[in-house]
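Participant: Sequence and predicted structure, then a few things I'm wondering about:
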Amino acid sequence: MNILSLDDLTLIAQVIADGSGRAFERLVKKYQSPVRRFFLSQTAGDEMLSDDLAQETFIKVYVNIRSFRQLSSFKTWLFRIAYNVWQDHLRKNSKTTLRLLDNEGDDDDDGVSLNGIQPANVSDGSQGMTSGSFRLDLQTAMGVLNDKERTCITLGLVEDLPIDKIVKITEMPEGTVKSYLSRGKQKLAVYLKQHGYE
């Protein structure tokens, strides 16, 4: 067990023992960016919806924290809840079309890349591409993926979770996760290459 998970367990124990808002706040601060990033990928950049879903996730985590049994890491358990919140949202809004938003002014640079695919001409600027525009293009490209591919790509490539953790979060068979990852990477690579990335 590493120090990070030990710290999580200490905070969880404090929340369970005395309802410590401070300990829970530390857990939220630690994991709010990855959870929000997950929802931003799922919603094709809808910041308002992503924030609402992230908030709903942390409310469910707080309410259900006593059910955390350490059968997996806290991060895996948390993403399982986030995944369930997303699936519930899809069921409730099955006819809602995902909107692709222009994220001008979004200064968060998470350094996301897709297996080494980078904007062509970033260094010489001949086409005016920047890492920020690559991030927006990647976010737009996520819209070409189906829901399961987007989930697996987000958890695997963006959050850097291993396949066994993705299996626990999504409850999909390992072969299915690998298949979604492979197809998702392929679709993203084709899309990005068609839009000037190498």
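Facilitator: In hand now; what should we look at? Numbers count the residues shown, from 1 in each chain.

Participant: I'd assumed residue 163 was in contact with residue 177.
Facilitator: Yes. Counting by C-beta atoms under 8 Å, residue 177 touches residue 163, with 5.6 Å between them. C-betas here are computed from N, CA, C, even on glycine.

Participant: higher neighbour count, the two?
Facilitator: residue 177 (22 against 15; other C-beta atoms under 10 Å).

Participant: hey, what's in contact with both of residue 177 and residue 163?
Facilitator: residue 156 (C-beta atoms under 8 Å, 6 or more residues apart in numbering).

Participant: and residue 30, how many residues sit next to it?
Facilitator: Using other C-beta under 10 Å, residue 30 has 16 neighbouring residues.

Participant: That one should be in a helix, yeah?
Facilitator: Yes. Assessed with DSSP: H, G, I helix; E, B strand; the rest coil, residue 30 lies in a helix.

Participant: What is whatever helix or strand residue 78 lives in packed up against?
Facilitator: Element membership for residue 78 (DSSP states H and E) is helix 74-92. Judged by 3 or more C-beta pairs under 8 Å, 6 or more residues apart in numbering; DSSP states H and E, helix 74-92 is in contact with helix 3-18, helix 21-42, helix 47-64, helix 147-153, helix 163-170.

Participant: how much does that helix deviate in direction from helix 47-64?
Facilitator: Per axes from the mean of the first three to the mean of the last three C-alpha atoms, to 10 degrees, the angle that helix 74-92 makes with helix 47-64 is 120 degrees.

Participant: Just the buried positions in helix 74-92, please.
Facilitator: Residues of helix 74-92 classed as buried by neighbour count (16 or more other C-beta atoms under 10 Å): 74-83, 85-86, 89.
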